[in-house]
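> Build me a model from this:
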Amino acid sequence: MDFFEGFIKYWVVLFACLGFSYSQAQLSEVDHWEMVVTDGQEWNYFPGISSPQASWNETWFDDSGWLRGASGIGYGDGDDQTIIDPSISLYMRIKFQVIDTSKIIFLVFYMDYDDGFVAYLNGTEIARANVSGNPPQYNTLAASLHEALLYNGQNPEEFRIDSELRKNILREGENVLAVQVHNFTEGSSDMTAIPFLSAGIIDTSRMYYDTPYWFTPPVDYSVSELPILSINTFNETIVDEPRIRAWLSIIDQGVGEVNYIDDPITGYDGWINIESRGESAQMFPKKSYSFETQDSLGENNNVSLLGMPEENDWILYGPYSDKTLIKNVLCYKLARDMGRYATRTAFCELFINGEYRGLYILMEKIKQDRNRVDIASLRAEDVAGDQLTGGYILRVDKVDANDYPPWTSYPETGINGLPIDFQYFDPDGWELQAQQREYIMKFILDFENVLNGTEYLDPVSGFKSYVDYYSFIDFLIINELSKNIDAYIYSTYLYKDRDSKGGKLHMGPVWDFNISFGNVDYNNSAVQTFGWMYQDDYRMYWFRRIMQDQIVRNYLNCRWHELRAAVFRDDRIFGYIDSLVTELRVPIDKNYQRWPVLGTYVWPNIFIGDTHEEEITHLKNWLHDRLAWMDQNIPAECVTAIEEGTVGTGLVEVYPNPFYNKIRFLSQKSNPIRQIFIYDKTGRLIDTLYADLDSRTFGEWIEWSGKNFRRPDLGTGLYVAWIELSDGTWLSLKLIKSGY
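Next up is the predicted model:
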């Protein structure tokens, strides 16, 4: 560790210790809470048409020439008592008296704002959100949109002032609270500023204002049964591009152990770069983040975080509209239980710059990696031959302004479907060579030309020659089980490996289930526990076309019942949900103390539970009904039995059946067998037999040994033969391989 890095680490640790000086014992000493500054009081304010004097936030500044009005101050949305003209920024000050500082042992600042702010107590910064600059200039725009909360039935955001800072800046007699508020755009239709300052009083004396209806006493955030992640941004605001440099420290004493914010750092302790992430999630006050672990030079640093395989790309997901807090974790676990890769997850509690940010989920970012999407690494020099054919990860999703432009495919006339925008995801379009972008685009277009054609069901030259349809079915199952509102249209990933490694297109990994399990207010079909999402006209038409294949439908039936007999059993799924709730029993309460959204509407909830228990009960009830509906409505049938002896169809005979090490197929002379496809009981293609129609004479059997080149012995059990005759007729026969 060089001197500079050691210096940074020293200040990170010191900052953390100062920022978390609350303890449960100290909180218990508070007799009651009062508001030193509350809404409706008169403030002096100055619309940000220019910069005020640098001392505007100090006690001695003369604000007698400023305008005066009651908070909240702003415009739009009907949540302000003092209405001002539209402005980029707003400066406001209020003087208040403190009678006895010795009786105030805690100080908490609350702010309802639109869109960003910085707050000062006696000239010292005590809180900020969503705006950068030291200090921000009058024409600085907020980093992103942030909607006010009180008029939406939610609580203002909480910012605790650490004990040492409180002792140093709070004075007996006159004090000044100053706040500067910033809009996201110059022509914004709304602005809100409603500050509060609350005090924890050590005795029964009443000196200030009563607490408002929404207020609940603070809880101790400094102790956790989960790993603690602490990020120091050195007073920079985390925005949605560009990423900023920050320092991440992890305290994790192990499973079953309690972590304290001032414990020695036991996990990662180093640089990251970080940005906020998501589409609709950007409007929530509880942000989600993408970050990379880095070395001191800013290069990628592959590390293991919370027991996950080493990598450098990570996500911190902050569930907000998903009030169960577990939908993503549940669905990724179910996908992994199906045998598919899905991002690994770990619950944690997050602090940023000394402020508790709530319950978070550390997740792996989707990318090419032997421990993630295990496909070939596509290098810049891979522009020809087998190397050009993989690996690619694509995404169907909304396109951000800074993303590489997507390319669009169109279904043929007469095909019921909308155009699809494809993004180069990993490598992204900026990294790919022209030959690589053209190759994967042509592969998708060639696949779609077949899918759009009249012969797309042909088992040899049809869509199955391009795609691994087993992955499509697993993708369908997990998205249909949850009725994921984004399925087949947003947050949809697909990948292709090199031709030498199979080369077919796979769906997945699955992603983003925060708006799922029926709790959405803008799509009635997504609320119901009946019906299929893939059949919606505005979603990817691929699935509607593929599901017309009887082989695929049969496989779906087999796969569903296979899962329901094992990892999708009711007791397994609901038992896992219960285990998550048990694991989170304490962090849940703290999260909802920090983000008190229970019992209030958060987009796009249609069900609003007053407690976390009610949210979990709604999830369980909905899922129970959905499982039951899918049990009754999975299409087609799964082959489950077979008759002993020769099977005759009138067109083909099979003998012997059951068989031990050889089975024979015989067709009529006038309509000989062209090819045979052998599938196992789950619908997976095992072997392909081609007949030599020119040299074979009638009476000559086509033999299958019950083996293929990959496995010398496929094992006993049920198999299905799909047989094409020379006139195009298709037959399905049930086979069984015995062990004697």
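
> How many neighbouring residues does residue 224 have?
When neighbours are counted by other Cβ atoms under 10 Å, residue 224 registers 24. For every residue, glycine as well, the C-beta is placed using N, CA and C.

> measure residue 150 to residue 558 for me?
Look at residue 150 and residue 558: by Cβ to Cβ, to the nearest Å, they are 54 Å apart.

> more crowded one of the two?
residue 558 (25 against 17).

> Off-centre distance for the helix or strand containing that one?
Counting by DSSP states H and E, the element that carries residue 558 is helix 550-564. Centroid separation for helix 550-564 versus its chain: 28 Å, with Cα atoms, centre = their mean, to the nearest Å.

> List the contacts of that helix.
With Cβ atoms under 8 Å, 6 or more residues apart in numbering as the test, helix 550-564 has contacts from 338, 459, 469-470, 472-474, 476-477, 546-547, 627, 630-631, 634-639, 679, 681-684, 722.

> Separate out the buried members of the residues you listed.
Neighbour counting with 16 or more other Cβ atoms under 10 Å marks 338, 459, 469-470, 472-474, 476-477, 546-547, 627, 630, 634, 638-639, 679, 681, 683, 722 as buried within the contacts of helix 550-564.

> what does stretch 529-538 contact?
With contacts defined as Cβ under 8 Å, 6+ apart, stretch 529-538 is touched by 416-418, 476, 479-480, 483-484, 487-489, 518, 525-526, 539, 543-544, 547, 622, 625-626, 629, 633.

> May I have it as PDB, with CA atoms only?
Provided in PDB are the C-alpha atoms of stretch 529-538 (Å, rounded to 0.1, in the frame of the first residue of the first chain):
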ATOM      1  CA  THR A 529     -52.800 -15.300 -11.900                       C
ATOM      2  CA  PHE A 530     -54.100 -16.800 -15.200                       C
ATOM      3  CA  GLY A 531     -53.000 -16.400 -18.800                       C
ATOM      4  CA  TRP A 532     -49.600 -16.400 -20.600                       C
ATOM      5  CA  MET A 533     -47.400 -13.300 -20.900                       C
ATOM      6  CA  TYR A 534     -45.600 -14.500 -24.000                       C
ATOM      7  CA  GLN A 535     -48.800 -14.300 -26.000                       C
ATOM      8  CA  ASP A 536     -49.100 -10.500 -25.700                       C
ATOM      9  CA  ASP A 537     -48.700  -9.000 -29.200                       C
ATOM     10  CA  TYR A 538     -46.300  -6.300 -28.100                       C
END
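
> Tell me which residues of that stretch come out buried.
529, 532-534, 536.

> and if you look at stretch 67-78?
Neighbour counts over stretch 67-78 (16+ other Cβ under 10 Å) mark 69, 71-75 as buried.

> Could you work out the most separated pair of these?
The distance between the two most remote of the buried residues of stretch 67-78 (Cβ to Cβ) is 13.3 Å, for 71 and 75.

> Would you confirm that residue 133 contacts residue 140?
Yes - the pair residue 133 and residue 140 qualifies as a contact (Cβ atoms under 8 Å) at a distance of 5.2 Å.

> neighbour count winner among these two?
Each of residue 133 and residue 140 has its neighbours counted (other Cβ under 10 Å); residue 140 has more, 19 against 14.

> Report how many residues lie close to residue 717.
By the measure other Cβ under 10 Å, the count of residues near residue 717 is 12.

> I am finished for the moment; much appreciated.
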